[in-house]
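*Asks:* okay, here's the prediction I keep looking at, along with the sequence it came from:
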Amino acid sequence: MGLGLSGVLPLSTTMKKRKLEMILERLEGFSSPKPSLEQYQTPATIASELLYSALLRGDLEGTVCDLGCGTGVLAIGAALLGARAVVGLEMDPSALRIARENARRLGVEVHFVRGDVATVALRGVATVVMNPPFGAQRGSGGDRAFLRKAMETAEVIYSIHNAGSEGFIRRFVEPCKVEDVKKIPFPLRRSFKFHSRDVKIIEVELYRIFCR
């Protein structure tokens with residue numbers, strides 16, 4: 001894609017996981033989250049877990065794409081960890097404005113693109129990182145378009161899904177292979193009026209999927 005990261009802070013592999021987490025915790029979240037788009041901010045703990053897993057496997061060395069990047073947590077984290085180039089795809093313009101401002105404040109370069117994951121064409125991507133919609137508001141299958149695009153785009157996919165999804169994920173991504181599944185607690189913060197608690201802990205699964 002010809003995207004560079006000349007302005008990235010020289011932290012990359014020397015950055016401690018907790019330090020990355022603390023930086024990502026300070027990013028601005030959604031100003032007016034949309035329930036129809038399931039706009040939940042990816043918690044810094046989850047983002048750090050995903051990104052460090054990718055870093056240790058050498059999966060941040062090429063171009064990284066965050067599908068449905070929202071306010072840029074995963075994309076910016078990948079840039080901070082030294083990815084060669086980072087693309088953030090998001091259809092909501094208000095979220096993109098926040099993502100661009102978050103990246104600017106940290107002095108990292110991320111190429112943010114407005115587009116629909118179902119129709120956008122992406123080339124030259126080595127790794128996809130994503131926290132796709134779980135389908136709670138749209139009915140089942142909210143993550144399928146994201147998985148399809150990731151499979152046609154990248155060699156390696158890191159993706160977060162509802163606990164109990166492993167059987168479906170393994171079948172859906174064939175001939176790609178699920179190489180690792182990790183169950184982790186996901187602190188879901190109050191974002192919408194229908195939420196009854198400030199924080200609800202749900203269990204999610206973090207997947208590494210290999211497609212080449």
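*Replies:* Received the coordinates, thanks. Numbering: from 1, shown residues only.

*Asks:* which ones are touching the most centrally placed residue in the chain?
*Replies:* For the chain, the residue sitting closest to the mean C-alpha position, by CA atoms, centre = their mean, is M130 at 3.0 Å. By CB atoms under 8 Å, 6 or more residues apart in numbering, the residues touching M130 are 66-68, 74, 146, 150, 157-160. Heads up, the C-betas are built off the backbone N, CA and C, glycines and all.

*Asks:* filter these to the buried ones?
*Replies:* Neighbour-count burial (16 or more other CB atoms under 10 Å) is assigned, among the contacts of M130, to 66-68, 74, 146, 150, 157-160.

*Asks:* picking up where we left off before, L80: which of the contacts of M130 is nearest?
*Replies:* Each of the contacts of M130 was checked against L80 using CB to CB; the closest is L74, at 10.7 Å.

*Asks:* am I right that the closest one is in contact with T127?
*Replies:* No: using CB atoms under 8 Å, L74 is not in contact with T127; the gap is 10.8 Å.

*Asks:* just the helices in this protein please.
*Replies:* 17-25, 44-56, 73-80, 93-106, 144-153, 166-172 (DSSP state H).

*Asks:* report the distance from the first one to the chain centre.
*Replies:* So the one you mean is helix 17-25. Counting by CA atoms, centre = their mean, to the nearest Å, helix 17-25 is centred 15 Å from the centre of its parent chain.

*Asks:* and that helix, average pLDDT?
*Replies:* Averaged across helix 17-25, the pLDDT comes to 93.

*Asks:* which of the residues in it are buried?
*Replies:* Of the residues in helix 17-25, 20-21, 23-24 count as buried by neighbour count, 16+ other CB under 10 Å.

*Asks:* any chance you could list what contacts it?
*Replies:* Outside helix 17-25, the residues that touch it by CB under 8 Å, 6+ apart are 11, 44-45, 47-48, 51-52, 73, 76-77, 80-81, 106.

*Asks:* what's the separation between N131 and D143?
*Replies:* N131 is 10 Å from D143, where distance means CB to CB, to the nearest Å.

*Asks:* of those two, who's got more company?
*Replies:* Neighbour count, other CB atoms under 10 Å: between N131 and D143, N131 has more, with 29 against 25.

*Asks:* surely the more buried one meets I160?
*Replies:* Yes: N131 lies in contact with I160 (CB under 8 Å); the separation is 4.6 Å.

*Asks:* overlap in contacts, the two.
*Replies:* Contacts common to N131 and I160, judged by CB under 8 Å, 6+ apart, are 42, 46.

*Asks:* pLDDT weak spots in this protein?
*Replies:* Applying pLDDT under 70 to the chain flags residues 1-15, 30-39, 135-141, 189-199.

*Asks:* mean neighbour count, the helices of the chain: which tops it?
*Replies:* Mean neighbour count (mean count of other CB atoms under 10 Å) peaks for helix 73-80 among the helices of the chain, with a mean of 29.

*Asks:* what's the closest non-adjacent residue to T71?
*Replies:* Nearest non-adjacent residue to T71, counting by CB to CB, 6 or more residues apart in numbering: I98, 4.5 Å away.
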